[in-house]
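Q: need a 3D model of the following:
(one chain, ligands or ions: 1)
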Amino acid sequence: EFTVREAEAAQGALNCFTLIDGERAMRMARASDERLSSGNGRALEGVPIAMKDLFAVEGVEMTASSNILKGFTPTYESTVSQNLWDAGAVFFAKTSMDEFAMGSSNETAASGAVVNPWRAKGSDERLVPGGSSGGSASALAAGISYGATGTDTGGSIRQPAAFTGLVGAKPTYGRCSRWGVVAFASSLDHPGPLTRTVRDNAILMQHMASPDPKDSTSYTGEVPDFAAAVGKSVKGLKIGIPSEYRVEGMPGEIETLWSQGREWLEAAGCEIVDISLPMTKYALPAYYIIAPAEASSNLARYDGMRYGQRVEGEDLIDTYEKSRAAGFGKEVQRRIMIGTYVLSAGYYDAYYLKALKVRRRILEDFNAAFEKVDAILTPTTPSAAFGIGSKAKASPIEMYLNDIFTVTANIAGIPAMSVPAGLDKSGLPLGLQVITRALDEETMFSVGAALE
Ligand code: GLN
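A: Next up is the predicted model:
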């Protein structure tokens, strides 16, 4: 009840929820209480979790922050949310996001920009919480809820976590099922948790992850005890510092923070190794071909016939066109156009196939690096949170540059997390990123906890 009231009170200032369902929350909380009092308490009994509005919760409207899905209520439950409810967690709200998870600022949501609770020293300019899981990040940073779910296709959990002083992680591709999660770019989409501490993150990921016969790309192996890795000694671990992440124009304070992180790990007994990931500079261009290509295919189903909103036209094609023109925002339309272009017969080889080759080379880069090191340390973002409206006005490329450090781990499908690492000179949070080998979330959590 307390969480629901907090959420309702914060919504006006932060605009971080697409829906608050107090009734359902109370029903689930009462069931939790009953289980607890009969001695059948489960691991997350009574713990409130906010769900990004990309996860289907049966009987609760799901819009992916898009007008085209307005009024769509799923009759099914996502595997990740089912796992959480099975562990006793309580649903209370859906969180806002960039439309269809496309963005880095949470300004493209149909319900308007989400506000970051942080402010720069001496300024009352409202800042973005990052995106696309910006609603989850903003709510948690304001002290609401124990944790929240996010999805990370190119950085959408880690970047908002960095912008709001939270911990955000994505596991290995396939560890958390994509069943019941609205698809953006299927081969890059990773559900994962946002929390305030590394330990909470490990606990939440543990209960989100599972093998799932309903998702053919789900990983079928057992989920390890992630929480046991938190606090484990990192002595003797080799940590790689990739020279290619020292990008031009990166503020000096990010560089400083990165060296500080390196020193913290050295003090904890890690060995620091300089490494090279030479294909890094091609990651962003490859991502912005592969992700829109997959999105254009995934979003073809929103035609005004099967889901959500319809604008009647003169005939079938006209209805499709009118529904899509009214339902999709500008950024989503841009992605669909890029995607169909790079997949079209004349350009497939030049763009899409080329991007897939780059993807393979990026994976090889990481494989070679992980022969030498156990984890890689980088900054999460090239800047701290920026003002609402300040980048959206510039070119879309400017916005895409936010993902420069995060997309590589999606392309390779390997675990990556952002841990709050300090404040910049205006008092805004910055994050450090830890990347590890496929299926080695445990080392990620151990190193993350050593940085905390
Ligand atoms: N900002 C990236 C994009 O717009 C990543 C989004 C995400 O991870 N969902 O595609």
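Q: before we move on, which element is residue 338 in?
A: Using DSSP states H and E, residue 338 maps to helix 330-343.
Q: just give me the neighbour total for residue 251.
A: Using other C-beta atoms under 10 Å, residue 251 is surrounded by 15 other residues. In short, each C-beta sits where N, CA and C put it, glycine included.
Q: sorry, back to before: who touches the helix holding residue 338?
A: Helix 330-343 has contacts (C-beta atoms under 8 Å, 6 or more residues apart in numbering) with 66, 98-100, 102-103, 108, 288-289, 291-297, 299, 324, 328, 347-348, 351-352, 355, 396.
Q: in it, what counts as buried?
A: Within helix 330-343, the residues that qualify as buried are 331, 332, 335, 336, 338, 339, 340, 341, 342, 343, counting by 16 or more other C-beta atoms under 10 Å.
Q: before we move on, back to that, which of the contacts of helix 330-343 fall in helices?
A: In helices, defined here by DSSP state H, the members of these are 288, 289, 291, 292, 293, 294, 295, 296, 297, 324, 355, 396.
Q: quick one: pLDDT of the fourth one?
A: Reading off the per-residue confidence, residue 292 sits at a pLDDT of 98.
Q: all helices for the protein, in order.
A: For the chain, the helices defined by DSSP H cover 2-14, 22-37, 79-86, 134-141, 158-164, 198-208, 252-267, 283-298, 316-327, 330-343, 354-372, 396-400, 407-412, 441-451.
Q: does the fifth one reach the ligand?
A: What it means is helix 158-164. No: using C-beta under 6 Å from any ligand atom, helix 158-164 stays clear of the ligand, coming no nearer than 7.0 Å.
Q: check which helices and strands that helix sits against.
A: For helix 158-164, the elements it packs on are helix 134-141, strand 167-170, strand 416-423, strand 429-436, judged by 3 or more C-beta pairs under 8 Å, 6 or more residues apart in numbering; DSSP states H and E.
Q: and the last one, what does it pack against?
A: Judged by 3+ C-beta pairs under 8 Å, 6+ apart, the packing partners of strand 429-436 are helix 158-164, helix 252-267, strand 375-379, helix 407-412, strand 416-423, helix 441-451.
Q: using CSV, please lay out the ones you listed together with mean neighbour count and mean pLDDT.
A: What follows is the helices and strands packed on strand 429-436, written out as CSV (neighbours: other C-beta atoms under 10 Å; pLDDT from 0 to 100):
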stretch, mean neighbour count, mean pLDDT
helix 158-164, 34, 98
helix 252-267, 16, 95
strand 375-379, 25, 98
helix 407-412, 27, 98
strand 416-423, 25, 96
helix 441-451, 25, 98
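Q: around the ligand, pick out the residues from the stretch 151-300 of the chain.
A: Residues of the stretch 151-300 of the chain lying near the ligand (C-beta under 6 Å from any ligand atom): 151, 152, 153, 154, 155, 156, 184, 291.
Q: give me the pLDDT for the fifth one.
A: According to the per-residue confidence, residue 155 scores 98 in pLDDT.
Q: and it, how many residues sit next to it?
A: By other C-beta under 10 Å, neighbour count at residue 155 equals 32.
Q: isn't it right next to residue 410, touching?
A: Yes: counting by C-beta atoms under 8 Å, residue 155 touches residue 410, with 7.4 Å between them.
Q: contacts only, for the residue lying closest to residue 283 once chain neighbours are set aside.
A: Of all residues not flanking residue 283 in the chain, residue 408 sits nearest, at 4.7 Å (C-beta to C-beta, 6 or more residues apart in numbering). Contact analysis of residue 408 by C-beta under 8 Å, 6+ apart lists 277, 280, 283, 362, 366, 435.
Q: so what's the fourth one up against?
A: With C-beta under 8 Å, 6+ apart as the criterion, the residues that contact residue 362 are 277, 279, 280, 282, 283, 286, 408, 411, 412.
Q: which residue does the stretch 201-350 of the chain bring closest to the ligand?
A: Proximity to the ligand, evaluated over the stretch 201-350 of the chain using C-beta to the nearest ligand atom, is greatest for residue 291 at 5.2 Å.
Q: distance of that residue from residue 355?
A: Remark: distance between residue 291 and residue 355 (C-beta to C-beta, to the nearest Å) = 10 Å.
Q: look at the two and report which has more neighbours.
A: Between residue 291 and residue 355, counted using other C-beta under 10 Å, the more crowded position is residue 291 (27 against 20).
Q: just give the nearest non-adjacent residue to the more buried one, would you?
A: Of all residues not flanking residue 291 in the chain, residue 185 sits nearest, at 4.1 Å (C-beta to C-beta, 6+ apart).
Q: who's in contact with residue 380?
A: So residue 380 contacts 155, 158, 159, 161, 162, 405, 406, 418, 430, 431, 432, 433 (C-beta under 8 Å, 6+ apart).
Q: near the residue lying closest to the third one once chain neighbours are set aside, how many other residues are there?
A: Distance criterion C-beta to C-beta, 6+ apart; nearest residue to residue 159, sequence neighbours excluded, is residue 130 at 4.5 Å. As a burial measure, the neighbour count of residue 130 was computed by other C-beta under 10 Å and equals 36.
Q: for the one 4 residues further on, same thing?
A: Applying other C-beta under 10 Å, we find 37 other residues in the vicinity of residue 134.
Q: find the residue closest to residue 329 in space, skipping its chain neighbours.
A: Leaving aside its chain neighbours, residue 329 sits nearest to residue 99 (4.8 Å; criterion: C-beta to C-beta, 6+ apart).
Q: go ahead and confirm that neighbour touches residue 64.
A: Yes: counting by C-beta under 8 Å, residue 99 touches residue 64, with 6.8 Å between them.
Q: my guess is residue 204 meets residue 49, correct?
A: Yes: using C-beta under 8 Å, residue 204 is in contact with residue 49, at 7.5 Å.
Q: could you tell me which residues touch both of the two?
A: Contact criterion C-beta under 8 Å, 6+ apart; residues shared by residue 204 and residue 49: residue 147.
Q: what sits against the residue of the stretch 351-452 of the chain found nearest the ligand?
A: Nearest residue of the stretch 351-452 of the chain to the ligand: residue 403, at 4.8 Å (C-beta to the nearest ligand atom). Counting by C-beta under 8 Å, 6+ apart, residue 403 makes contact with 104, 154, 155, 159, 284, 287.
Q: can you pull the pLDDT of it?
A: pLDDT for residue 403: 92.
Q: what do you get for residue 248?
A: pLDDT, residue 248: 82.
Q: please shift the residue numbers so they start at 618 in all later answers.
A: Okay, residue one is now 618; in that scheme the one you just asked about reads as residue 865.
Q: give me the number of residues near it?
A: For residue 865, the count of nearby residues is 5 (other C-beta under 10 Å).
Q: just checking, the residue nearest to residue 908 touches residue 915?
A: Yes: with contact defined as C-beta under 8 Å, residue 802 and residue 915 form a contacting pair (7.3 Å).
Q: and these two? Which one has more around it.
A: Per other C-beta under 10 Å, whichever of residue 802 and residue 915 has more neighbours is residue 802, with 23 against 18.
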